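Chemist: when you get a sec, could you give me coordinates for this:
(one chain, ligands or ions: 1)
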Amino acid sequence: APPDFSGTWNMVSNENFDRYMQSLGIDLITRNLAKLIKPQKIIEQSGDSFVIRTLSSLRNYRVQFTLGQEFDEDTKGLDNRKCKTLVTLDNGHLICVQKGEKKNRGWKHWINGDDLHLELSCEDQVCKQVYRRVQEAC
Ligand code: ECB
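Modeler: Residues are numbered from 1 along each chain as shown. From the prediction side, this is the model:
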């Protein structure tokens, strides 16, 4: 069965985030602030429909999509670009391609145990993040 990405996830590691942000043209002051934060992901999945919220003290970002349906993404509050974005599910991996000004842009999510993995790509940079599931009270 395909994985259920739904839940609340807290960042536990973040590799090469600075160079990923550099590849998106984010200024030094913003990068230095962004490096300090540990965002939370809140994912709501129902069938092929997803809402992913990335929450932090610095910025919040929300994206909503249906698998296999390209949509217009505005990365408002991040690098403020427009992309034609498509997300698909391949062998348990959520794969996003963000077509636009930046080459080779996208991300991949997958689950391993209690860990949600995320690879963010832009041009020749790959940022690797891991989030851990927040257990809800029973
Ligand atoms: C929203 C939390 C990020 C806070 C960083 C704040 C300022 C830095 C400005 C731009 C940096 C560029 C990208 C930020 C990196 C991650 C945020 C969202 C990454 C993303 O695309 O997540 C996907 C997959 O979970 C869903 O949107």
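Chemist: for residue 93, grab the count of nearby residues.
Modeler: By the criterion of other C-beta atoms under 10 Å, residue 93 has 14 neighbours. From N, CA and C alone the C-beta is placed, and that goes for glycine too.
Chemist: oh, I was asking about residue 16
Modeler: Residues near residue 16, counting by other C-beta under 10 Å, number 16.
Chemist: now swap in residue 83 and tell me
Modeler: Per other C-beta under 10 Å, the neighbour tally for residue 83 reads 21.
Chemist: which helix or strand contains it?
Modeler: Taking DSSP states H and E as the definition, one finds residue 83 inside strand 82-90.
Chemist: what parts of this protein come near the ligand?
Modeler: 21, 24, 26, 30, 34, 39, 41, 52, 54, 56, 58-61, 63, 78-79, 107, 118, 120 (C-beta under 6 Å from any ligand atom).
Chemist: now for residue 101: which residues touch it?
Modeler: residue 81 (C-beta atoms under 8 Å, 6 or more residues apart in numbering).
Chemist: host element of it?
Modeler: Residue 101 belongs to no helix or strand when elements are defined using DSSP H and E.
Chemist: circling back: the very next helix or strand once past the strand holding residue 83 packs against which elements?
Modeler: In the C-terminal direction, the helix or strand that comes right after strand 82-90 (DSSP H and E) is strand 93-99. Helices and strands in packing contact with strand 93-99 are listed as strand 82-90, strand 106-112; criterion 3 or more C-beta pairs under 8 Å, 6 or more residues apart in numbering; DSSP states H and E.
Chemist: adding mean pLDDT, write these out as a markdown table.
Modeler: Rendered in a markdown table, the data for the helices and strands packed on strand 93-99 read as follows (pLDDT from 0 to 100):
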| stretch | mean pLDDT |
| --- | --- |
| strand 82-90 | 98 |
| strand 106-112 | 98 |
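Chemist: go through the ones you listed and name the closest to residue 138.
Modeler: strand 106-112 (20.9 Å; C-beta to C-beta).
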